[in-house]
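# The sequence isn't on hand, but the structure is:
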Ligand code: NAD
């Protein structure tokens with residue numbers, strides 16, 4: 001089977017277009033029919049709601065909210081709720097599809113969904129946020145449900161908003177239904193291990209990739225871009241496994257020390273320093289561009305989308321890239337990276353530890369029991385490792401890079417499930 005290189009996209013700033021170009025390439029390799037292509041591509045359900053909310057000044061403001069369930073072929077919809085001024089239906093639609101492939105690649109029984117409200121959480125009081133979240137929940141009463149569609153946090157929302165959603169939904173249904181949403185505070189049925197889950201999955205993916213490349217973690221070096229939830233946990237866990245972390249970075253710049261950076265110290269510094277690494281003295285200040293080009297074995301982009309492009313991919317020296325962030329590599333950079341023989345563990349696989357522990361949260365809610373952290377970590381590690389192995393085997397079978405292999409695994413799973421279930425056609 002020939003490997004069809006995804007067509008480079010014109011708009012480099014659009015990671016969702018990048019994702020769709022890889023989807024198309026995988027569909028072509030699998031030889032999927034035109035009918036199935038549209039079954040997989042067109043969202044199952046798209047909902048737009050108007051949300052009148054009384055603001056603190058007594059005036060009513062009407063917000064527009066969205067929920068797109070891209071697919072329910074594998075199970076109920078699953079995906080976060082984004083509060084951001086730039087939210088629109090197109091974006092939510094694409095993010096929902098992304099969730100379908102992410103859940104399918106790690107083989108958890110969910111479809112894909114995403115929600116959003118065009119609003120600016122930085123300019124809203126807690127009371128305004130609460131009224132907005134409750135209004136959104138009531139509008140989505142027939143959409144959400146532990147067996148139908150299970151939201152979670154995304155940009156601009158967190159455990160606080162999920163608690164409001166769970167409360168409003170439960171009140172409307174006349175009983176406590178905590179499995180309607182994940183990413184809740186621990187006391188409301190949130191799961192242990194959720195905070196560090198994505199970083200943990202990144203660590204497991206990195207070790208699995210190092211093993212294939214015969215890199216000994218105790219002799220390997222790494223650089224991590226982004227020092228938020230994903231990046232800092234990934235760096236800490238990799239260091240615990242023996243990897244020397246030579247470079248870390250955040251929005252303030254990048255910090256390099258060839259002998260390695262003590263990640264515990266860096267986290268403590270960030271926590272006491274208003275959340276940034278600015279002024280961190282245990283390493284030399286370099287730029288984020290220089291960090292990407294460091295002479296290390298492993299590179300972990302864990303900050304934001306589209307940081308590796310055709311402009312800088314040629315400078316990368318790492319042998320292994322683990323995509324902690326969503327969409328950090330533009331489609332146009334894929335070709336350069338593949339030609340250089342760099343192994344990439346793609347976002348839909350590498351950062352799926354988060355949705356995996358969200359799934360565990362839902363399972364615990366449904367059985368009315370709490371698992372220990374140890375059990376959660378062991379199960380997360382197993383799912384991540386098994387998924388890595390499956391994608392690796394697929395990449396060998398079709399002689400394609402890991403990214404395309406991940407899409408092949410995901411699309412094949414959803415398409416074959418659809419065939420078994422049968423449609424109306
Ligand atoms: P975060 O807000 O906690 O951290 C982001 C970090 O990136 C911060 O340290 C910030 O300073 C840094 N950053 C921002 N812009 C930067 C730039 N231009 N250069 C260098 N650093 C920059 O976010 P997070 O939750 O860690 O998410 C990071 C990425 O991982 C996002 O792409 C997100 O979609 C993805 N992701 C997160 C999760 C999760 O569970 N948190 C799950 C899957 C995917």
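Done, it's in. Keep in mind that this is a model prediction, so the values were computed, not measured.
# Run through the residues of the stretch 201-350 of the chain sitting next to the ligand.
Within the stretch 201-350 of the chain, the positions adjacent to the ligand are 225-231, 249-251, 288, 302-304, 324-326 by C-beta under 6 Å from any ligand atom. C-betas here are computed from N, CA, C, even on glycine.
# Can you pick out the ones from those that are in strands?
225, 249-250 (DSSP state E).
# can you redo those as JSON lines with neighbour count and pLDDT?
Output for those, formatted as JSON lines (neighbours: other C-beta atoms under 10 Å; pLDDT from 0 to 100):
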{"residue": "225", "neighbour count": "24", "pLDDT": "98"}
{"residue": "249", "neighbour count": "26", "pLDDT": "98"}
{"residue": "250", "neighbour count": "23", "pLDDT": "96"}
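# and the residue nearest to residue 388 when sequence neighbours are not counted, how many residues sit next to it?
Counting by C-beta to C-beta, 6 or more residues apart in numbering, residue 208 is the residue found nearest to residue 388 once chain neighbours are left out, at 4.2 Å. As a burial measure, residue 208 scores 22 neighbours (other C-beta atoms under 10 Å).
# What distance do you get for residue 208 to residue 121?
36 Å (C-beta to C-beta, to the nearest Å).
# how many neighbours does the residue of the chain found nearest the ligand have?
Closest residue of the chain to the ligand, C-beta to the nearest ligand atom: residue 228 (1.7 Å). When counting by other C-beta under 10 Å, one arrives at 17 neighbours for residue 228.
# Residue 113 is in contact with residue 75, isn't it?
No: the criterion here is C-beta atoms under 8 Å, and residue 113 misses it with residue 75 at 10.8 Å.
# Between those two, tell me which one has more neighbours.
Legend: neighbour count by other C-beta under 10 Å for residue 113 and residue 75, higher for residue 113 (34 against 18).
# Nearest spatial neighbour of that one, chain-adjacent residues omitted?
residue 77 (3.1 Å).
# Now that neighbour. Its backbone dihedrals?
phi -60, psi 150 (degrees, to the nearest 10).
# which residues does it contact?
44, 69-71, 96, 99, 110-113, 148-150 (C-beta atoms under 8 Å, 6 or more residues apart in numbering).
# go again using 7 Å as the cut-off
69, 111-113, 148-150 (C-beta atoms under 7 Å, 6 or more residues apart in numbering).
# If you rank those by neighbours, which is first?
residue 113 (34 neighbours).
# hang on, that one in a strand?
Yes: the assignment for residue 113 (DSSP: H, G, I helix; E, B strand; the rest coil) places it in a strand.
# Pull the contacting residues for it.
67-70, 77-79, 96, 99, 149.
# Please repeat the previous calculation with a cut-off of 6 Å.
69, 77-79, 96, 149 (C-beta atoms under 6 Å, 6 or more residues apart in numbering).
# Show me what it bridges to in the sheet.
In this entry, residue 113 is beta-bridged to residue 69, by DSSP bridges.
# related to what we said a few turns ago, what's the overlap in contacts for residue 113 and residue 75?
Between them, residue 113 and residue 75 share no contacting residue, judged by C-beta under 6 Å, 6+ apart.
# would you list every one of the strands in the stretch 301-425 of the chain?
320-322, 343-345 (DSSP state E, counting those that start in this stretch).
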